[in-house]
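**Q** Task: produce atomic coordinates for the following.
(2 chains)
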Amino acid sequence: MNIEAIFGRYISKDSPVHRMDPRAKLLLALLFMVMVFAAQSYFTLFVAALFTFGILAFSRITPRQAFISIAPLAFLIILTALLNIFFVQSGQVYFQLGILCISEGGLSQALFIAIRLTLLLLGMSLLTLTTTTLDITDAFEHLLRPFKRIGLPAHELSMMMGIALRFLPQFAIELRTIYRAQISRGANFKTSTKGSIQMMTSLIVPLFTSAFRHAETLSLGMDARCYHGSEGRTMLRELSYERRDAIGALYIAVGVALVIALDIVIPLLTPAIAALFGITL
Amino acid sequence: MSIAFEQVSYSYTPLSKRQKKKGETAKYALKNVSFTLEDGEFLAIAGHTGSGKSTLTQHLNGLVHPTEGRVLWNGLDMADKKVATQARGDIGLVFQYPEHQLFAASVYEDVAFGPRNLGCSEDEVELRVQSALEAVDLDYEKLRDVSPFELSGGQQRRVAFAGVLAMKPTTLVLDEPVAGLDPASRADFLKLIGSFHESGMTVVMVSHNMNDIALLADRVMVLNEGEIVWLGSPDEVFMHFDELRAIGLGVPHAQRFAKEMRELGFPLEEKLYSPESLADAIAARLKSGEQS
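**A** Alright, predicted model coming up:
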């Protein structure tokens, strides 16, 4: 198990994107999704890609790091692409075997969806690559605050999220140790047939007991520090929106506007341009 | 059954060819480690946190393969999966806090996991479980159907030990076997480990407690930043007071006391002392002083 390659693990760098307010980043990530989904043609998807790589450049995360971080989810992209190849049927047929049929429309659709998903994952992983989990949970709590009035436990929810995120890598490491320990006792996870359930319990039971042990220690630690929830709690660093957050918002807003506008304008303009060059469609 | 390390280096993030061309140097957890584990010896491995101790132990039964170099078990390369699988029946590796790896509903089932994986018959499994539990001073009849999670921490660790012993290894590799135990169970455990060694097993023990090492080991290996600094008998290694201190390790209490006495002008020989032999030496010296 490669601990480095866990989806969107924070990479510490000094960049404007890193320094942005986490609340802004969280909201802009939603807007980013709108941009990627609004793209309806290859051309606008290309524009969206330009904007995505623009963020990448500002964040000083190398494309390699970004792609490594989404690599574990590549199967998702491939799966969706395959589904599209086989389920979308239009245009010229290239290959047919029984009910399996690969057509021009299917291939084109598959490629389109694959690019779109890749952009989406890149954008989302950029959020977590440039924001510490602590900041994300803080932002989450702030954004949920208005719902407190209707009884939503904003602080508790974000704390649970923070704890869950904090323990993910911890459990990955522990699982590896347990796995190795059981291998040392002759366990065979690859080609086990009859005892496969016992093999799995030999991993899962120790992992669960470890989770309970951590939970107990953690709650004891919180009690010892007189933790009492969000009431009257202050922050070491108060979140505040800065100029760079406005610039970031503007950047994404321009992206969204451009993508939507181009999608509307291009189909309208195509006949005009064609007429201009004297081509008949 | 000997295990030989031949210039073993290990890196968690091996470099790609392109990176090598760029002239980047990899970070190694182990660097150029060569030694042979002799049959029947008690080798202690000492080192500060992050010195590569645990990485080295995981090379001993083929869980981790060297980035460079070879680990040979009876002359066979452990990078071969079949060899590694065979070797694991012969080399019992007990991880740090082994009680965290218990999982079965009863002590019997947990200890039986190893022998069953080796393909033993049920009769053989029962024999092995019984003798393994007895070897770690646990009452087989009383505890066999008890859940391991109901036992005390020290007992859980004994069960975990038994789980490895039931595979009848000739070599036992122990990673910090007494970490986190109270002083009484510590002493019991060290005695137990000593008895395994006396019964003919080859033992490798990772520890940073120099007193434990001085008490038990035939040979001591000191690791620092992935490299072997010293490998020799305890009295050879523990001569290096200041160097050991410099890499974050100490020397046995008796040894340090003897050194301080010497520096204050009390004549004592330069050799390895246990607390008892040091007391004898001081008493003898005082007595002869009175007579003259």
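**Q** can you confirm residue A:54 is in a helix?
**A** Yes. Judged by DSSP: H, G, I helix; E, B strand; the rest coil, residue A:54 forms part of a helix.
**Q** so where do the strands sit in the chain?
**A** No chain specified, so I'll use chain A. Ranges of strands in chain A, per DSSP state E, are A:93-97, A:100-103.
**Q** Let me rephrase: I mean chain B.
**A** Using DSSP E, strands in chain B cover B:3-10, B:30-37, B:42-47, B:68-73, B:76-77, B:91-94, B:171-175, B:202-206, B:219-224, B:227-232.
**Q** So what touches the third one?
**A** Outside of strand B:42-47, the residues that reach it under the criterion CB atoms under 8 Å, 6 or more residues apart in numbering or on different chains are B:37, B:53, B:56-57, B:197, B:202-208, B:210, B:212-213, B:216-224, B:234, B:247, B:249. C-beta coordinates here come from the backbone N, C-alpha and C atoms, glycine included.
**Q** In this structure residue A:235 contacts residue A:137, no?
**A** No. With contact defined as CB atoms under 8 Å, residue A:235 does not count as touching residue A:137 (11.9 Å).
**Q** Those two: who's more crowded?
**A** Just comparing residue A:235 and residue A:137: by other CB atoms under 10 Å in any protein chain shown the higher neighbour count belongs to residue A:137, 23 against 9.
**Q** Give me the below-cutoff pLDDT ranges for the stretch 51-200 of chain A.
**A** Scanning the stretch 51-200 of chain A for pLDDT under 70 picks out A:191-195.
**Q** Likewise for chain B?
**A** Looking along chain B with the criterion set at pLDDT under 70, you get B:1, B:16-18, B:20-21, B:23-24, B:291-292.
**Q** now residue B:203: how far from residue B:64?
**A** 20 Å (CB to CB, to the nearest Å).
**Q** Look at those two and report which has more neighbours.
**A** Higher neighbour count among residue B:203 and residue B:64: residue B:203, with 24 against 20, using other CB under 10 Å.
**Q** correct me, but that one touches residue B:193?
**A** Yes. With contact defined as CB under 8 Å, residue B:203 reaches residue B:193; the gap is 6.5 Å.
**Q** okay, and the common contacts of these two?
**A** residue B:174.
**Q** now the contacts of strand B:42-47: which count as buried?
**A** Buried members of these, scored by 16 or more other CB atoms under 10 Å in any protein chain shown, are B:37, B:53, B:56-57, B:197, B:202-208, B:210, B:212-213, B:216-217, B:219-224, B:234, B:247, B:249.
**Q** got the contact list for residue 96?
**A** Unless you meant another one, I'm taking chain A. Here residue A:96 is in contact with residue A:102 (criterion: CB under 8 Å, 6+ apart).
**Q** actually it's chain B I care about, not the one you picked
**A** Per CB under 8 Å, 6+ apart, neighbours of residue B:96: B:54, B:175, B:176, B:179.
**Q** Can you tell me how far residue B:203 is from residue A:142?
**A** In terms of CB to CB, residue B:203 sits 57 Å off from residue A:142.
**Q** next one: residue B:119
**A** Residue B:119 is 59 Å from residue A:142, by CB to CB.
**Q** Mind checking which residue lies nearest the centre of the chain?
**A** I went with chain A, as the question did not name one. residue A:124 (3.6 Å; CA atoms, centre = their mean).
**Q** Chain B, not that one
**A** Most central in chain B under CA atoms, centre = their mean is residue B:205, positioned 1.2 Å from the mean C-alpha point.
**Q** re the thing from before, counting neighbours, go ahead and name the busier of residue B:119 and residue A:142.
**A** Taking other CB under 10 Å, residue B:119 and residue A:142 do not tie; residue A:142 has more neighbours (17 against 10).
**Q** in the chain, which spans are helices?
**A** No chain specified, so I'll use chain A. With DSSP state H, the ranges of helices along chain A come out as A:16-19, A:22-38, A:42-59, A:63-70, A:74-87, A:104-130, A:133-144, A:154-184, A:196-224, A:243-276.
**Q** I was after chain B.
**A** Counting by DSSP H, the helices of chain B are B:17-21, B:53-60, B:81-90, B:107-117, B:122-135, B:140-143, B:153-165, B:183-198, B:210-216, B:234-237, B:241-246, B:253-263, B:275-291.
**Q** Show me what the fifth one is packed against.
**A** The helices and strands touching helix B:122-135, judged by 3 or more CB pairs under 8 Å, 6 or more residues apart in numbering or on different chains; DSSP states H and E, are helix B:107-117, helix B:140-143, helix B:153-165.
**Q** Tell me which of the ones you listed lies nearest to residue A:81.
**A** Closest approach to residue A:81 among the helices and strands packed on helix B:122-135 is made by helix B:107-117 (40.7 Å; CB to CB).
**Q** near chain A, anything from the closest one?
**A** Yes. Using CB under 8 Å from any CB of the partner chain, helix B:107-117 comes into contact with chain A via B:113, B:114, B:116, B:117.
**Q** which one of the residues you listed is nearest chain A?
**A** In terms of CB to the nearest CB, no member of these lies closer to chain A than residue B:117, at 3.2 Å.
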